[in-house]
Each structure stands twice: as structure tokens, then as C-alpha cells.
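Trainee: Give me coordinates for this.
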Amino acid sequence: QVQVVESGGGLVQPGGSLTLSCVASGSTLDHLAIGWFRQAPGQEREAVSSINFSNGGTYYSDSVKGRFTVSRDNFGNTVFLQMNNLKPEDTAVYYCAARDAGGPYLWGIPVEYDYWGQGTQVTVSS
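Mentor: Here you go, the predicted model:
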């Protein structure tokens, strides 16, 4: 059974940076695709980024492209989401999700992922 746990959320001023971490257990990252999603109050869960460790693909939503970077620690089971130039509209609960890396799937669709973390709050405000 795969488990993922996010951490690293907090309060940051506009223009600031924050790094979220997602630790996966129950499988090595080489067999997984990890997705980052976020959900603001009253809104649907939306895709932020994803990384597939089988084919090396990385994906970003248009709203974060150029500001967010997804990566992993070398040889470990932690995925990072580096968030730069944060904006108030980035405020949301951020979730890490995992699925098997194989097979065709739509990276930005929440139901494509089987395992979810509990979420971590990111608030961008002055």
C-alpha cells in the first residue's frame, strides 16, 4: 500500500517562495507518478504539477509554469514542489497524490491518482 505525506506549507508574502515535500512509502519512486494538486475554498481541486519517474516526464499547469518546479531527492523517496514568485491566488490546500507510473493517463485529472496525502495549507498574503 502506497502512502504519501505532504509537508512544508505555511504563510508567505506575495513574491515569496516556499518548498513543499511529499514523502512516498510502500513503493519506490521509480514505479510511481506523483501529482501535486490544490484546492481553494469553494473551488474544485485543480492540477498543479506532476512527475513520472518511469519516463522522466514533468508537467505543469499554465497558471504555475515558470514559477513552480517539481523534482526529487537523489535516490530517495521525496518529491519537492519549489514554488517561487507566489501570488495570493496560489493560496490553497496543496495535496500530493500517487499512482502507478505505467499506462496511459491524464496527469491533471484527480481521479487518475489512487493515493492521496492529507494536504498542507499554503497562504500567500501580506
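
Trainee: from here on, contacts and neighbour counts on C-alpha atoms
Mentor: Will do.

Trainee: which stretch of helix or strand covers the residue nearest in space to the middle of the chain?
Mentor: Nearest residue to the geometric centre of the chain (C-alpha atoms, centre = their mean): Trp36, 2.2 Å. Element membership for Trp36 (DSSP states H and E) is strand 32-39.

Trainee: partner strands of the helix or strand following that strand, parallel or antiparallel?
Mentor: Next along the chain after strand 32-39, taking DSSP H and E as the criterion, comes strand 46-52. Paired neighbours of strand 46-52 in the sheet (DSSP bridges): strand 32-39 (antiparallel), strand 58-60 (antiparallel).

Trainee: I'd like these written out as JSON lines, with mean pLDDT and distance to Leu81 added.
Mentor: Output for the strands paired with strand 46-52, formatted as JSON lines (pLDDT from 0 to 100; distance: least, C-alpha to C-alpha, whole Å):
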{"stretch": "strand 32-39", "mean pLDDT": "96", "distance to Leu81": "8"}
{"stretch": "strand 58-60", "mean pLDDT": "96", "distance to Leu81": "11"}
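
Trainee: Tell me which residues of the strand holding Trp36 come out buried.
Mentor: Within strand 32-39, the residues that qualify as buried by neighbour count (16 or more other C-alpha atoms under 10 Å) are 32-39.

Trainee: Same question for stretch 58-65.
Mentor: Residues 58-60, 64 are the ones in stretch 58-65 that count as buried (16+ other C-alpha under 10 Å).

Trainee: Of these, which is the nearest to Gly26?
Mentor: Distances from those to Gly26 were compared by C-alpha to C-alpha; the smallest belongs to Thr58, at 22.2 Å.

Trainee: beta partners for the closest one?
Mentor: Per DSSP bridges, residues listed as beta-bridge partners of Thr58: Ile51.
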